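Chemist: okay, sequence plus prediction incoming.
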Amino acid sequence: MKYLQDIGSYFLMLKRVFGSFTKTSVLRHLIFKEINDLIISSLGIVAFISFFVGGVVAIQTALNMDNPLIPKSLIGFATRQSVVLEFAPTFISIIMAGKVGSFITSSIGSMRVTEQIDALEVMGINSLNYLVFPKIVALMFYPFVIVFSMFLGIMGGWVAGVYGGFASSSDFIAGLQEDFIPYHLFYAFFKTFVFSFILATVPSWQGYYMKGGALEVGKASTNSFVWTSVLIIAANYIITQLLLSA
Amino acid sequence: MIKVEDVHKSFGDEEILKGITTEFDKGKTNLIIGQSGSGKTVLLKCLLGLFRPEQGRIYYEDKAIQDMDDEEQRKLREEIGMLFQGGALFDSMNIEENVMFPLRMFTKQKKADMLERVNEVLKRVNLENVNKKFPAEISGGMQKRVSIARAIVNKPKFLFCDEPNSGLDPKTATLIDTLIQEITHEYDITTVVVTHDMNSVMEIGEKVVLLKHGKLVWQGTNQEIFKTDNEDVTNFVYSSDLFKKIRDVQLKEG
């Protein structure tokens, strides 16, 4: 019963987010601030993880190629497929559920605890529009983070493959270009958009409707990470089933 | 003026407000007092429109809040200033931005004009040279004064204060109380203060409303509170050791 109530309150929250808009000039300022907090400040960790995981994918592929008949270009091919289809959109989104998700929940939760949200409401401001809408808009730029992650993941694979002595640069690049299906990019970016919406709204819901004090803010942040990850994984499965296996 | 007529509010099966009827006068500091759990804060939130009463009506200058459409309620809220218990200043903004916030949201003034008004109200609450500091960098008393400045910057008609001097030392608490009263008279606004502090009652209680278990049990002025025979009033007032001693001294002196 509680889950049904929670789902209901999540959708009611979404309805309120898109109703009674905050003054445009204020909203513009908030959107730029959120782009900085949620997108720009995440680039460092995304770059680090993408580069090294891309490298690991290339090394693992190379080490598992026992048959000499398998071409070395497979290393580039496997790196591209892993990074573009799953690693960049899904794995990075799980990382972002931890980084961005808990940031959103704890910042909104702290505002709830210290009556800052009540202050907005008393002033006649739609607090959900003021707090959540700029986050949704900012995370519409999230696909750029994923492009960045894809590029660095493949770059990491190239560095590990070539400088690790597993494949020549031309073999790796030939693998990257092999059997390229543009539809896979559409699939990757479609799910990235869905994940970005989940990343903006689920942690916001957790923070906005939390009750209690500082301890509960911590609990809400943990719940936020768990539920955002679960929803991302579930959405990933459904989207993959619908878009790739049809 | 704010008029409250037979307001009932429940949470689940528990009735918190049991038919409150009273008036809060313009140009006066109106105090809602009572023990913890008496329904003071729930009544305040009903007045603010944050809680919707199941029964009864709340009038802001002859117009019931229940009859207002969303736009009218939004306009009304622009005329309300609120001082929260903890200050409720926005952590991500400095003092200047906090005080300027209502002006940025509801007016089309130029930044220079807004800044002039911000400095004017900060000066009014005896705060200067704190514009660029963040709330975490100033004391609790200063935060309360910034919160008052933010509440009055857009020249409200109604000012609400939730336990304005909780967590403050007696001297700072008196300063905040006096400031609230001075601002009420200066701007000729309707001020409603929720408190359980008898010092506040003595200092600024131009009208006092006592709640007990969700019912209004007494109302009058801070002068009348010591003369009444109402048992609920005497129980509340003399639950403080200080006031008990004052009474004992008065009795000894006849």
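Modeler: Okay, I see it. Numbering: from 1, shown residues only, chains lettered A, B, ... in the order given.

Chemist: what separation is there between residue A:236 and chain B?
Modeler: 33 Å (Cβ to the nearest Cβ, to the nearest Å). Using the backbone N, CA and C atoms, a C-beta is placed for each residue, glycine as well.

Chemist: grab the nearest non-local neighbour of that residue.
Modeler: residue A:90 (5.2 Å; Cβ to Cβ, 6 or more residues apart in numbering or on different chains).

Chemist: just residue B:124 next, same as before
Modeler: Leaving out its chain neighbours, residue B:124 is closest to residue B:149 (Cβ to Cβ, 6+ apart), at 7.1 Å.

Chemist: same question, residue B:66
Modeler: Nearest non-adjacent residue to residue B:66 (Cβ to Cβ, 6+ apart): residue B:57, at 5.7 Å.

Chemist: which residues does the helix or strand that neighbour falls within contact?
Modeler: Remark: residue B:57 resides in strand B:55-60, with elements defined by DSSP states H and E. For strand B:55-60, contacts defined as Cβ atoms under 8 Å, 6 or more residues apart in numbering or on different chains pick out B:2-8, B:19-21, B:46-47, B:64-66, B:76, B:158.

Chemist: that one: partners in the sheet, and parallel or antiparallel?
Modeler: strand B:2-11 (antiparallel), strand B:63-64 (antiparallel) (DSSP bridges).

Chemist: so which bits of that strand are buried?
Modeler: Within strand B:55-60, the residues that qualify as buried are B:56, B:58, B:59, B:60, counting by 16 or more other Cβ atoms under 10 Å in any protein chain shown.

Chemist: residue B:210: what secondary structure?
Modeler: strand (DSSP: H, G, I helix; E, B strand; the rest coil).

Chemist: ok, it - contacts?
Modeler: B:33, B:34, B:216, B:217, B:218, B:219, B:232, B:233, B:236.

Chemist: how about it, nearest residue that isn't a chain neighbour?
Modeler: With Cβ to Cβ, 6+ apart, the residue lying closest to residue B:210 is residue B:218, at 4.3 Å.

Chemist: near chain B, which residues of chain A are found?
Modeler: Residues of chain A lying close to chain B by Cβ under 8 Å from any Cβ of the partner chain are A:20, A:22-23, A:25-26, A:110-111, A:114-116, A:118-119, A:121-125.

Chemist: now, which of these lie within helices?
Modeler: A:25, A:26, A:110, A:111, A:116, A:118, A:119, A:121, A:122 (DSSP state H).

Chemist: counting neighbours, which of the residues you listed comes out on top?
Modeler: For those, the largest neighbour count, defined by other Cβ atoms under 10 Å in any protein chain shown, is 25 neighbours, found at residue A:119.

Chemist: wait, it sits on residue B:83?
Modeler: No - contact criterion Cβ atoms under 8 Å: residue A:119 and residue B:83 do not qualify, at 9.7 Å.

Chemist: could you look up the SS state of residue B:91?
Modeler: Going by three-state DSSP: residue B:91 is coil.

Chemist: what's the neighbour count on it?
Modeler: 13.

Chemist: how close does it get to chain A?
Modeler: Residue B:91 is 7 Å from chain A, by Cβ to the nearest Cβ.

Chemist: next, that residue: phi, psi?
Modeler: Here is the backbone geometry of residue B:91 (degrees, to the nearest 10): phi -60, psi -30.

Chemist: which ones are touching it?
Modeler: A:110, A:111, A:114, A:116, B:134, B:135, B:136.

Chemist: nearest residue to the fourth one other than its sequence neighbours?
Modeler: It stands for residue A:116. Using Cβ to Cβ, 6+ apart and skipping residues adjacent in sequence, the residue nearest residue A:116 is residue B:88, 5.2 Å away.

Chemist: ok but the one you found is inside a helix, no?
Modeler: No - counting by three-state DSSP, residue B:88 falls outside a helix, being coil.

Chemist: that one touches residue B:147, doesn't it?
Modeler: Yes - with contact defined as Cβ under 8 Å, residue B:88 counts as touching residue B:147 (6.7 Å).

Chemist: looking at these two, which one has more neighbours?
Modeler: residue B:147 (27 against 23).

Chemist: just give me the neighbour total for the residue nearest to that one when sequence neighbours are not counted.
Modeler: In space, and not counting its chain neighbours, residue B:147 is closest to residue B:87: 4.4 Å by Cβ to Cβ, 6+ apart. Per other Cβ under 10 Å, the neighbour tally for residue B:87 reads 25.

Chemist: show me the contacts for the residue nearest to residue B:215 when sequence neighbours are not counted.
Modeler: Take residue B:215 and drop its neighbours on the chain: the residue closest to it by Cβ to Cβ, 6+ apart is residue B:18, 5.0 Å away. Counting by Cβ under 8 Å, 6+ apart, residue B:18 makes contact with B:8, B:213, B:214, B:215.
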